[in-house]
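Participant: Let me see the structure of the following:
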Amino acid sequence: MRSIWNGAISFGLVSIPVKLVNATENHSVSFRQIHLTDGGRVRYRKVCELDGEEVPAAEIGKAYEDADGAMIPITDEDLGSLPLPTAKTIEIVAFVPADSIDPLQMDAAYYLSANGVPAAKPYTLLREALKRSRKVAVAKYALRGRERLGMLRVVDDVIAMHGLLWPDEIRAPEGVAPDAGVKVRDAELDLADALMATLGEVDMDALRDEYREAVEELVAAKISGEVPRRAEPEDSGAKVLDLVAALESSVRAAKEARAGGARGEGDGEDAPVAKVTSMADHKGGRSGSSASGAKKSTAGPGRTAAKKSAASKSTAKKSAAKKTTAKKSAAKKTTAKKRSGTKSTPRKRTSA
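Facilitator: Reported below is the predicted structural model:
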């Protein structure tokens, strides 16, 4: 990696020669400005206000604009000769716990590499001291024409430095918070805690910039002459949400997502939930009526079929009962006849 600054870390009387390299890179898709009528590239040119001529980079310098509009030239030599100990030095001023640094102050991130073999030993000493103390170093340094604050910490086996904004550069959040009259119930907090626990942790390496991927697909489609894939329009109207219902649905959806999406496939109990969720995604003001209609249409045929089945079973039972009763009646008549015949025969024999 190419260094953007060479200097030294001042650690008391110990000086550690280091190189400063960028720890981050920008992967966003960049665009150019064009003239819509002919597609020509639009460029910005640096022109002198006095003679109207374009000025090359070699002839451009710096100046401070006074209150009356006068330009006071400032050269790199002027800035380099300022009596600042941080002009070429990262001066450590304190060691503090990491949680004492407000994340709002975080700015650009850099890696500090040892510059040369003699710097390896003091560099390693500072790195191990930071590890053992579990603290971070607060430092001052100068970069790109201004003095800055920095925070040094250990990342793997490297000392990293985060640029920090000065405390007076952090704006107070006045008028940003909602009105104090809003109250949150314990039940809502319990559901929020349940949702947080269900979502759990995330593998940061698995997160993707889906917008950048979509832009790249769009560009590739236009290059190949294909029709770009369009997103479906979303309903931009404001929706009044039941906070408790939304939290409960979120917890349920998070549990299903963590289960690997296996639910809803062949599980009859989860099917109605999936249908209601999908109906709620319909656009416009028809979501409530559509969901209601879905419930009615789903429940109606089922109940009708159940009633028909029950009626048929009842009829079959009644028919079977009638047949059984008829059989019993016939059997009784037959028995009665037999008994009647048996009793009459002896009488005839007696009379004879």
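
Participant: My guess is Met71 contacts Lys62. True?
Facilitator: No. The criterion here is CB atoms under 8 Å, and Met71 misses it with Lys62 at 9.7 Å. C-beta: built from backbone N, CA, C; applies to glycine.

Participant: Mean pLDDT per helix and strand in the protein: which one sits at the bottom?
Facilitator: Sorting the helices and strands of the chain by mean pLDDT, DSSP states H and E puts helix 271-280 at the bottom, at a mean of 38.

Participant: any weak-confidence spans in the stretch 101-250 of the chain?
Facilitator: 234-241 (pLDDT under 70).

Participant: same thing but 90
Facilitator: In the predicted model of the stretch 101-250 of the chain, residues 142-147, 174-185, 187-188, 191, 194-215, 217, 222, 225-250 satisfy pLDDT under 90.

Participant: mind listing the helices for it?
Facilitator: Assigned by DSSP state H, counting those that start in this stretch, the helices in the stretch 101-250 of the chain fall at 120-133, 186-199, 210-224, 243-258.

Participant: Between the ones you listed, which one is closest to Glu77.
Facilitator: helix 120-133 (30.8 Å; CB to CB).

Participant: For that closest one, which helices and strands make contact with it?
Facilitator: strand 5-11, strand 14-22, strand 106-114, strand 135-143, strand 146-155, strand 158-164 (3 or more CB pairs under 8 Å, 6 or more residues apart in numbering; DSSP states H and E).

Participant: gap between the spatially most central residue of the chain and Thr198?
Facilitator: In the chain, the residue lying closest to the centroid (CA atoms, centre = their mean) is Leu207, at 8.4 Å. With distances taken as CB to CB, to the nearest Å, Leu207 is found 18 Å from Thr198.

Participant: and what of Ser81?
Facilitator: Distance from Ser81 to Thr198, by CB to CB: 61 Å.

Participant: The two - which one has more neighbours?
Facilitator: Thr198 (16 against 10; other CB atoms under 10 Å).

Participant: check contacts around the nearest residue to that one once chain neighbours are set aside.
Facilitator: Closest residue in space to Thr198, ignoring its immediate chain neighbours: Ala254 at 4.2 Å, by CB to CB, 6 or more residues apart in numbering. Applying CB atoms under 8 Å, 6 or more residues apart in numbering to Ala254 gives the contacts 195, 198-199.

Participant: May I see the buried residues of the helix or strand containing Ala63?
Facilitator: Per DSSP states H and E, Ala63 falls inside strand 62-65. Of all the residues in strand 62-65, not one is buried under the rule 16 or more other CB atoms under 10 Å.

Participant: quick one: average confidence on that strand?
Facilitator: The average pLDDT within strand 62-65 is 94.

Participant: That one: partners in the sheet, and parallel or antiparallel?
Facilitator: Strand 62-65 sits in its sheet next to strand 71-74 (antiparallel), going by DSSP bridges.
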